[in-house]
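> Got a predicted structure here, sequence first:
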Amino acid sequence: MLSFLRRSYLNFSFMNPHYCCLSRNFSAALPPLLPVQLPSRMETHLWYVVPDEVKSAPLLSKYMELLPQYERDHVLGFRGDQLQKSALLARTLVRTTIARYQVDDHLDPRSLRFKRNIHGKPEVEWETKDGFCPPPLQFNISHTSSLVACGVTMNSLIGIDVEEKRRRTKNNILAFAKRYFTAHEVEHLNAIPDSELQQQEFIKLWTLKEAYVKALGKGFSSSPFNTFTIRASSGIAVETLDSPQNLTNNWQFALLELMGSHYVAICLERQETGGAGKALPIKLTARKTIPFVEDELVSGTNAVVTIGGSVTQF
Amino acid sequence: MASITRASVSMPSLSTSVNQSQRRISGMNSVSFPVSGRSMIPSLRLQRGLQVCCAAKQETVDKVVAIVKKQLALPADAAVNGESKFAALGADSLDTVEIVMGLEEEFDITVEEESAQSITTVQEAADMIEKLVEK
C-alpha cells in the first residue's frame, strides 16, 4: 500500500538508507540534530520509530553512546536483542526529540537529565542557569518491540500508550475485564459478538486506560483500572467512580491507528475549551523518524488514522 | 494497628489477607504486607524485632517461573529464576497484570492492584503468594 508521504529530508550526504552507506558514514561522528519548532500551546507532537527499520549496527552503537552509563546498563539489562533494541530506541527517541526543540541553544541529547516526580513519572531535569526559564515541556513514551513512540506538548500533561492491534491476551478477555475493568466496560465488551472485534476493542480500551493513568502521572496504584470507566460512544471520555454523574472534563483523548498495525492512545490535560465549554479538537502533528537520519511528516496520511476522539491532523 | 486500619480503609477487598498478616505478626517472622506497605516494614521491625521475610519455597518459585514463561512465550529452557525481572524478560504492563491474574488462579488468592504494580521479580511474586496463601 503506497501512501502519500511528505518527506522533509535532512541535509546530510548519506540520505540513502541502505546499510552499506550508513555503516560507511557512521564510522565518523553523528551529525548535529536538525532543530524542530516547539509545539504551540494547543498542539501535540507525536514522534515514532519503527525498530525493524533501524538496521544499522553502527548507528545503534552511536545511539548507545548518547546514553549515560546507567541508561546503557538499563538497556543491556533487557533479555535479548529485540528488547534491548526497542529499549535503546526509546531512550534515543526521547533524548533526541527533546534536544531538537532547542529549548536551550546548544542542547545536546547526551547532556539531558531526567528525573522522576514523586509518583515516579519521568520528567526532564532542566539545568538551573541564570536567566534560563525552563519551558513547560511535557512528554511521555511508550514502546512495544515493534513501535517506539513519544508524545510532546507544551503545558498539557500527556500520557500515551501503544499496542499492536493483533495483541492477544493469554487470559479470556471477559474474565480479564471482569477482574480488572469496570462493569460498564465489561458490558461494552460483552456486547460485541465477533471475537476478533472484541479482542481489538479490548486492546483499544486497554491503551486508553493506560494513557489516562500515565497522563495523571500518579502511578497505577492511585488509579486502579476498576476505579474509572472509559466511555467511547460519541467521542471518548473518562468517568471516575467517585463522581459518576460528572464526566471528568479535564481530560481529552485521541485514539489512532498507526500504519494499520498499531493502536496509539493519547490522553491530554484539557487546556482550553471552545464556546460553552465545548472541547476543541486535539491538534496533532505526527512524524515517523530515525534519529539523525530522517523524518517523515505522516499526519494526514493513511499512516495515521483517527479512530476515536476529536483530532485535527496537521 | 494503624497500618492495617489504613489498609482496610483503602482496599476493602483486602480483609482476608489482612487477617492473615495479623496472625503472622503475632509470632512469626514475616512482616511484609500484601499492600503498598513498604513504609510499614521499618516501623514493624523496630517495634517487634522481627526478621524481614523469609524466602518463598522453591516449589512456589518454580510455579511462578512456569506462569511467567507461559505468559511471555519464553522457551521452556529459558533461564528464569527468582531474581529475574519481569520487565527485563519483556513483560509490559498488560503482561504483568496477566501474570498476576495467572498467579491468582493458580494459587487461589486475590492480589490488589497496588501489590500487582509493586511486584517486579519472580522472587517478589513468590514471596507475596506465600503470604497470601498461608492460613
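Yep, that arrived.

> from here on, contacts and neighbour counts on C-alpha atoms
OK.

> Just the element for the residue in chain B that chain A sits nearest to, please.
Relative to chain A, the nearest point of chain B is residue B:88 (4.2 Å; Cα to the nearest Cα). According to DSSP states H and E, residue B:88 maps onto helix B:86-89.

> Ok, residue A:268 next?
For residue A:268, the element it lies in under DSSP H and E is strand A:262-269.

> which other helices and strands contact that strand?
strand A:158-164, helix A:195-216, strand A:251-258 (3 or more Cα pairs under 8 Å, 6 or more residues apart in numbering or on different chains; DSSP states H and E).

> most neighbours per residue, which of those?
Neighbour counts (mean count of other Cα atoms under 10 Å in any protein chain shown) averaged over each of the helices and strands packed on strand A:262-269 peak at strand A:158-164, with a mean of 28.

> does chain B sit close to that one?
No: using Cα under 8 Å from any Cα of the partner chain, strand A:158-164 stays clear of chain B, coming no nearer than 9.9 Å.

> Give the partner strands of that strand in its sheet and their orientations.
Taking DSSP bridges as the criterion, strand A:158-164 sits next to strand A:262-269 (antiparallel) in its sheet.

> Mind exporting the C-alpha coordinates of the partner strand to CSV?
The C-alpha trace of strand A:262-269 is given here as CSV (Å, rounded to 0.1, in the frame of the first residue of the first chain):
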residue,chain,number,x,y,z
HIS,A,262,-0.9,-0.4,16.0
TYR,A,263,-3.2,1.5,18.2
VAL,A,264,-1.9,4.7,19.8
ALA,A,265,-3.9,6.2,22.6
ILE,A,266,-3.2,9.7,23.7
CYS,A,267,-4.6,11.4,26.8
LEU,A,268,-4.2,15.1,27.3
GLU,A,269,-5.0,17.5,30.0
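
> Strand A:251-258 and that one, what's the angle between them?
Interaxial angle of strand A:262-269 relative to strand A:251-258 (axes from the mean of the first three to the mean of the last three Cα atoms, to 10 degrees): 160 degrees.

> so what secondary structure elements neighbour whichever helix or strand comes after strand A:262-269?
Scanning forward in sequence from strand A:262-269 by DSSP H and E, the next helix or strand is strand A:282-290. Judged by 3+ Cα pairs under 8 Å, 6+ apart, strand A:282-290 is in contact with strand A:43-49, strand A:294-297, strand A:311-313.

> And the contacts of the longest one?
Spelled out, that is strand A:43-49. A:39, A:89, A:93, A:97, A:147-154, A:282-290 (Cα atoms under 8 Å, 6 or more residues apart in numbering or on different chains).

> and the residues you listed, which are buried?
Neighbour counting by 16 or more other Cα atoms under 10 Å in any protein chain shown classes A:39, A:89, A:93, A:97, A:147-154, A:282-290 among the contacts of strand A:43-49 as buried.

> For chain B, give me the ranges with low pLDDT.
For chain B, residues meeting the criterion pLDDT under 70 lie at B:1-54, B:135.

> For it, what lies in contact range of chain A?
Residues of chain B found near chain A (Cα under 8 Å from any Cα) are B:71, B:87, B:88, B:89, B:90, B:92, B:98, B:101, B:113, B:114, B:117.

> quick one: which of these is nearest residue A:193?
Closest approach to residue A:193 among those (Cα to Cα): residue B:98, at 23.2 Å.

> residue in the stretch 151-300 of chain A nearest to chain B?
Per Cα to the nearest Cα, residue A:221 is where the stretch 151-300 of chain A lies closest to chain B, at 4.7 Å.

> and the closest residue in space to that residue that isn't next to it in sequence, backbone torsions?
Nearest residue to residue A:221 in three dimensions, chain neighbours excluded: residue B:114, at 4.7 Å (Cα to Cα, 6 or more residues apart in numbering or on different chains). For residue B:114, the backbone dihedrals (degrees, to the nearest 10) come out as phi -60, psi -40.

> again with residue A:304
According to degrees, to the nearest 10, residue A:304 has phi -130, psi 100.

> Residue A:103: what's it in contact with?
A:134, A:135.

> The helix or strand harbouring residue B:115 packs against which elements?
Secondary structure from DSSP H and E places residue B:115 in helix B:113-118. Other elements packing on helix B:113-118 under the criterion 3+ Cα pairs under 8 Å, 6+ apart are helix B:93-107.

> switch to 10 Å and redo it
Applying 3 or more Cα pairs under 10 Å, 6 or more residues apart in numbering or on different chains; DSSP states H and E, one finds that helix B:113-118 contacts helix B:93-107, helix B:122-133.

> For the first one, list every residue counted as buried.
Of the residues in helix B:93-107, those scored as buried under the neighbour-count criterion (16+ other Cα under 10 Å) are B:95, B:96, B:97, B:98, B:99, B:100, B:101, B:102, B:103.

> Nearest spatial neighbour of the third one, chain-adjacent residues omitted?
Put plainly, it is residue B:97. Take residue B:97 and drop its neighbours on the chain: the residue closest to it by Cα to Cα, 6+ apart is residue B:116, 6.9 Å away.

> separation between the one you found and residue B:125?
Separation of residue B:116 from residue B:125 (Cα to Cα, to the nearest Å) stands at 9 Å.

> Check residue A:307 too.
38 Å.

> Those two: who's more crowded?
The neighbour count for residue A:307 versus residue B:125, taken as other Cα atoms under 10 Å in any protein chain shown, is higher for residue B:125 (23 against 16).
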